[in-house]
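# any chance you can model this:
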Amino acid sequence: MKQYSTSQEEDAVGLRFAFRPGANSESPVVLFIHGRAGNRDVMWAFQRTIPADFAIVAFEAFTTDSIGGYSWWDMSQKGTLHEAIPHAAKRLSSAWNAFRDLKVLSPSKVIAVGFSQGAILISASAFMGDCAFDGIGLLAGFPYVDEERFNPIKIPSVFMANGTDDTIIPIERAREGRSRLESRGIFPELVEEQVGHKLGVQGMKALKQWIVDFGGSTQEPQ
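Residues are numbered from 1 along each chain as shown. Here you go, the predicted model:
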């Protein structure tokens, strides 16, 4: 059952969050990272792709967006994204480390699933060495690869799902990002589907299968 952070927990972690406990302290953990103008609730639509024995934590971004909700960086400040993205990656890393200590977790695997801006953030966190994710699921987004700061703690398994009719993040950006990773010996699974800026039926099924296979669970999502 989903639980919400208390004010004391938020002070300790540095971000607001929602949480579903796993079967035990060593259960795999899935981080839900929302996109622009989201909150800690919007990613729970993907709960149906997560095995019942996995823990889930959904962090809420720290910047109030002009169009409502919360974002990881201000999209209107395009000239500063080169610094804003690493800053957000460090905030996420700090929150995750503090959350893991708070809940006394030693997860067998850590999988981050991000949508749009959230997908960019988790890839930046993984590939700049801020977070040692075992797997990252990039939904309607693309992998952020900073050539000068590419220094991952570990190479994660990468799943990507993108819409060929997406006008917010065109499919070409996902394909380009995949090619940049392949040039570094990382070979993402990319699922393309004729949808817009969202995850379609095919993408949802593929995401569920990837998480179940990669996480090693025999329990059905619920």
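
# just the strands in the protein please.
Ranges of strands in the chain, per DSSP state E, are 3-4, 17-20, 29-33, 55-59, 63-64, 70-71, 110-115, 135-139, 157-163, 189-193.

# what about the second one, distance to the chain center?
Centroid displacement of strand 17-20 relative to its chain, using CA atoms, centre = their mean, to the nearest Å, is 14 Å.

# buried ones in it?
17-20 (16 or more other CB atoms under 10 Å). Every C-beta, even on glycine, is put in place using the N, C-alpha and C of the backbone.

# leaving out chain neighbours, which residue sits closest to residue 173?
Distances taken as CB to CB, 6 or more residues apart in numbering place residue 142 nearest to residue 173, at 4.5 Å, with adjacent residues excluded.

# same question for residue 20.
Closest to residue 20 by CB to CB, 6+ apart is residue 56, at 4.2 Å.

# same check, this time on residue 137
residue 113 is the one closest to residue 137 (CB to CB, 6+ apart), at 4.0 Å.

# which stretches of this structure have low pLDDT?
Applying pLDDT under 70 to the chain flags residues 78-79, 217-222.

# the same query, at a cut-off of 80, please.
Across the chain, residues meeting the criterion (pLDDT under 80) sit at 76-81, 215-222.

# hmm, residue 118 and the residue nearest to residue 173 touching each other?
No: assessed by CB atoms under 8 Å, residue 142 is found out of contact with residue 118, at 11.8 Å.

# quick one: which of these two has more around it?
Comparing residue 142 with residue 118 by other CB atoms under 10 Å, the one with more neighbours is residue 118, at 30 against 23.

# ok, now which ones touch that one?
Shown in contact with residue 118 (CB atoms under 8 Å, 6 or more residues apart in numbering): 32-35, 38, 43, 72, 141.

# angle of the longest helix along the chain against strand 55-59?
Longest helix in the chain by number of residues, with DSSP state H as the criterion: helix 81-102. Relative orientation of helix 81-102 versus strand 55-59 (axes from the mean of the first three to the mean of the last three CA atoms, to 10 degrees): 140 degrees.

# now what about helix 81-102, what contacts it?
9, 12-15, 17, 29, 31, 33, 57, 59, 61-62, 72-74, 77, 105, 107, 110, 120-122, 124-125, 128, 130-131, 144, 146, 149.
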